[in-house]
Structure formats: structure tokens, C-alpha cells
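K.L.:
sequence-free structure coming up:
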């Protein structure tokens, strides 16, 4: 029997105090569908809807999650998800995309043979995608919850620090909703599937790294993928955000790590070097897997990971799959022990695709197209 059928078949409730009154029937009758948080809590607790709305509003708008969404919004809005669309557009004097010659000739015929007129396929960026819909709904929830919590309170009541924080969050959320990049994003609630997909996506994990929460929780991060896919860039960007959050960060390539230990081992200064790697809140070790490392590299790396395990956070980037680490370190047992501890509480992000360094335009510095004809002559200093 479905919930809907139970609601439809439920007997009419009897007023409190009257003969035949049943508290369960009364409560069931108040649990309306679709599910409403405020009315449900009101039915269970006996508090008025207004009081419950205030409590729910404070819980939502004053939550650490709401504060994190608002604090990271400036970074989030600079990397909004988008989709590319194309449209036919009349261009005069310039080409903004591939020319549609059939449409161009028709357009010229209707404009008295204007030879500067073209019909081009122009790309445009659309922001009305699931990820941005979820962001808008989060901002609207914070704004509306803050309004429910504070709109009927006196100035004296709003002097409470928590309520001031709630009101400030609501104001910021309302302002962020009107950001130009979010103007055309639908305000309709996204589907449950879209919300689940957004929460599980790589961007949500990257945004979470930018908040620095993994540093406060002493968790680790492993970025794996081919060269040029953005691993080092992301690691350094996360490091910069963690520094803004008041934490200390130390960045070294794996070659620098090994070189430091080999150099100071000869001078009997290994403990001093180790202290330098154990002190920072976040240690970033870059370029793991570029080439095979010298002997004893596995021992040095293992000691760093072991002594930072569950006390400090570490980010590592690797160009090679995990099964190759034993060959790279020349020490399979050390590699196994390193991965066992490092991956225990680590977030692993896998990068794919072509190198960004090779994604240049036709006239970019890495272009492999050879100039031909008059273009080659011009580049050689000759007159056409």
C-alpha cells in the first residue's frame, strides 16, 4: 500500500478533546504531501509554524555549509559550468565563425547585394546547466531561510551574534543570486538525479578542496593523470586557497624531496630536513612518476608519509598509475606501504584528455602547421 493511498484512505481527524480523538490520526493528517519540513516539525513538536520556520531558517542559513558556499562563491563563479551552443548570426565586416554561404547569399540578396554581409555560425556559452541550477537553489535556500529567521524580529533581538550571521548570509546569498553569469539560469528546482550527479562530479570535489576542509580534517589528496592535464595547476591553486585560509603550505617536486634528503644525509642533517617536511599543515609533492628515482627514495618518501599520517595533509600528483610506483621507487615494499597509508583517507582525482599545452589555436606558439604560399614569403621578409 503506497503512502498516497494511506493518505487518501485516512479517516477524517477529530478535534482535540472530542470523543474518538486519536493523536496518531491527527499527526498523520498534518503530514501533507509533498513533504513540507516546517509543517511536519510543527506537527511533531506542537510549535507554531512561525517558530519552526525561524528555527529551520537559522539551522539552514547559519550552517557551516551555507557559510562555505558563500565564502567560496567568488572562486566558484569564475569557473562556472557551461555548455556551448551555436546560432546563426549576421556579421558585417567581420567573421565570428564558419560562414554559411547559402544563407549569406540569401541575406545579401535581401540587402541590395551588400558584400560585407555574412551569415556565420557563432558559438555562445550557456550557463543554464544542472550544476549552476543546484548552486542557484542553494543560494535561494540560504536567502529564504534567513528571511524566515529574521524578518519578524526586533532590532534588539537581531543583536544576537548568530542572528546577525544568519542575516548577513541571507543578504550575501540574495546578492550572489543576481550575479550576471547566473541571470539566465533557471530558478526551477533541479531533479534529484541532477543533484546527485552534481554532488558526485569532479567539480564539486575540486570546490570542496578549495575550501581547505580536507586540511582541517587531516586528509590527503592524490591527483593522477597524463602530463599537461592540470594536476600541478590544481595542486598549486588549492595550496593558494589553503594559505588564504590561514594554513601553512610547503610545495616541492619529488626530485627536490629526494635531493634534500640525499644532500643532508651526507652532512648528517636528516632530522632537520624531516622537520621541514613535517611542520606545514599541507605538503604538496609534485611530479611523481616523471622518471625513475634514485635508491632509498622510497625510504625517504615512506617516512614522510608515515609521520604525517592522520596528523597533517599531503597532496601528491602522479603521471603514472599506482601500479607503477614500485618500479619508479625501485622498492615495491616501500611503495605498497606508502599507498596503504596515503590512500586510507585520501581523495583521489583522475585526470584525462589531451595536454593543455597542446591545445593552442591555429596561430599559437606550438602550432605544427607550416606556412605555405605567400604567408611563408611574408614571414621570411619578402614582399608578396
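P.N.:
Nice, thanks for sending it over. Model, not experiment: these values are computed from the prediction.
K.L.:
per-residue pLDDT, residue 143?
P.N.:
Note for residue 143: predicted pLDDT of 93.
K.L.:
thinking it is in contact with residue 168, fair?
P.N.:
No - contact criterion C-beta atoms under 8 Å: residue 143 and residue 168 do not qualify, at 11.6 Å. Backbone N, C-alpha and C define where each C-beta goes, glycine included.
K.L.:
show me where the stretch 251-384 of the chain has its strands.
P.N.:
All strands of the stretch 251-384 of the chain, identified by DSSP state E, counting those that start in this stretch, fall at 282-288, 313-318, 346-350.
K.L.:
closest to residue 59 out of those strands?
P.N.:
Closest to residue 59 of those is strand 346-350 (C-beta to C-beta; 27.4 Å).
K.L.:
what pairs with the closest one, and is each one parallel or antiparallel?
P.N.:
Taking DSSP bridges as the criterion, strand 346-350 sits next to strand 220-224 (parallel) in its sheet.
K.L.:
and the next helix or strand past the partner strand?
P.N.:
As assigned by DSSP states H and E, the chain's next helix or strand after strand 220-224 is helix 231-244.
K.L.:
returning to what we had before: with neighbour numbers in mind, choose between residue 143 and residue 168.
P.N.:
Between residue 143 and residue 168, residue 143 has the larger neighbour count (other C-beta atoms under 10 Å), namely 20 against 15.
K.L.:
who's in contact with whichever strand or helix holds that one?
P.N.:
Element membership for residue 143, per DSSP H and E: helix 130-150. Contact with helix 130-150 is made by 53-54, 56-62, 66, 69-70, 76, 80-81, 158, 163, 166-167, 169-171, 173-174, 176-177, 182, 185-190, 194-195, 197-198, 201, 203-204, as judged by C-beta atoms under 8 Å, 6 or more residues apart in numbering.
K.L.:
show the subsequent helix or strand relative to it.
P.N.:
For helix 130-150, the following helix or strand on the C-terminal side (DSSP H and E) is helix 161-177.
K.L.:
now do the buried residues in that following helix.
P.N.:
Along helix 161-177, these residues count as buried under the neighbour rule (16 or more other C-beta atoms under 10 Å): 163, 165-167, 169-174, 176-177.
K.L.:
dump those residues to CSV, plus pLDDT and distance to residue 322.
P.N.:
Formatted as CSV, the buried residues of helix 161-177 follow (pLDDT from 0 to 100; distance: C-beta to C-beta, whole Å):
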residue, pLDDT, distance to residue 322
163, 88, 49
165, 90, 43
166, 92, 45
167, 91, 48
169, 93, 41
170, 93, 45
171, 93, 47
172, 94, 42
173, 93, 41
174, 93, 46
176, 92, 39
177, 91, 42
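K.L.:
closest to residue 86 among the residues you listed?
P.N.:
Using C-beta to C-beta, those come closest to residue 86 at residue 177, 28.4 Å.
K.L.:
spatially nearest residue to that closest one, not counting backbone neighbours?
P.N.:
Of all residues not flanking residue 177 in the chain, residue 139 sits nearest, at 4.9 Å (C-beta to C-beta, 6 or more residues apart in numbering).
K.L.:
can you report how many residues neighbour that neighbour?
P.N.:
By other C-beta under 10 Å, 24 other residues sit near residue 139.
K.L.:
how much space separates it from residue 68?
P.N.:
Residue 139 is 13 Å from residue 68, where distance means C-beta to C-beta, to the nearest Å.
K.L.:
stretch 324-334: how far from the chain's middle?
P.N.:
Centre-to-centre, stretch 324-334 and its host chain are 33 Å apart (C-alpha atoms, centre = their mean, to the nearest Å).
K.L.:
same check, this time on stretch 143-151
P.N.:
On C-alpha atoms, centre = their mean, the centre of stretch 143-151 falls 26 Å from that of its chain.
K.L.:
what do you get for stretch 142-155?
P.N.:
On C-alpha atoms, centre = their mean, the centre of stretch 142-155 falls 29 Å from the chain's centre.
K.L.:
repeat that for stretch 345-353.
P.N.:
Relative to its chain's centre, stretch 345-353 lies at 13 Å (C-alpha atoms, centre = their mean).
K.L.:
same question, stretch 185-200
P.N.:
Mean C-alpha position of stretch 185-200 versus that of the full chain (C-alpha atoms, centre = their mean) differs by 14 Å.
K.L.:
break the protein down into its domains, please.
P.N.:
1-35, 61-78+136-194, 83-126, 201-357 (automatic domain parsing).
K.L.:
residue 48 is nearest to which of those?
P.N.:
domain 61-78+136-194 (11.9 Å).
K.L.:
start to end distance for the closest one?
P.N.:
Domain 61-78+136-194 has an end-to-end distance of 23 Å (C-alpha to C-alpha, to the nearest Å).
K.L.:
list the buried residues for the helix holding residue 143?
P.N.:
130-139, 141-150.
K.L.:
swap in stretch 304-321?
P.N.:
Using 16+ other C-beta under 10 Å as the test for burial, stretch 304-321 gives 304-305, 308-309, 312-320.
K.L.:
what sits up against it?
P.N.:
So stretch 304-321 is in contact with 214-215, 218-227, 231-232, 235, 238-239, 257, 274, 277-278, 280-290, 325, 328, 337-338, 341-342, 344-345, going by C-beta under 8 Å, 6+ apart.
K.L.:
and stretch 233-243, by the same measure?
P.N.:
Counting by C-beta under 8 Å, 6+ apart, residues outside stretch 233-243 touching it are 75, 206, 209-212, 215, 221, 223, 249, 251, 281-282, 284, 286, 315, 317, 349.
K.L.:
and it, how far out from the chain's middle?
P.N.:
Per C-alpha atoms, centre = their mean, the centroid offset for stretch 233-243 relative to its chain is 13 Å.
K.L.:
average model confidence for that stretch?
P.N.:
Stretch 233-243 comes out at a mean pLDDT of 91.
K.L.:
likewise for stretch 68-80?
P.N.:
For stretch 68-80, mean pLDDT is 80.
K.L.:
quick one: buried residues of that stretch?
P.N.:
Quick answer for stretch 68-80 (16+ other C-beta under 10 Å): 68-73, 76, 80.
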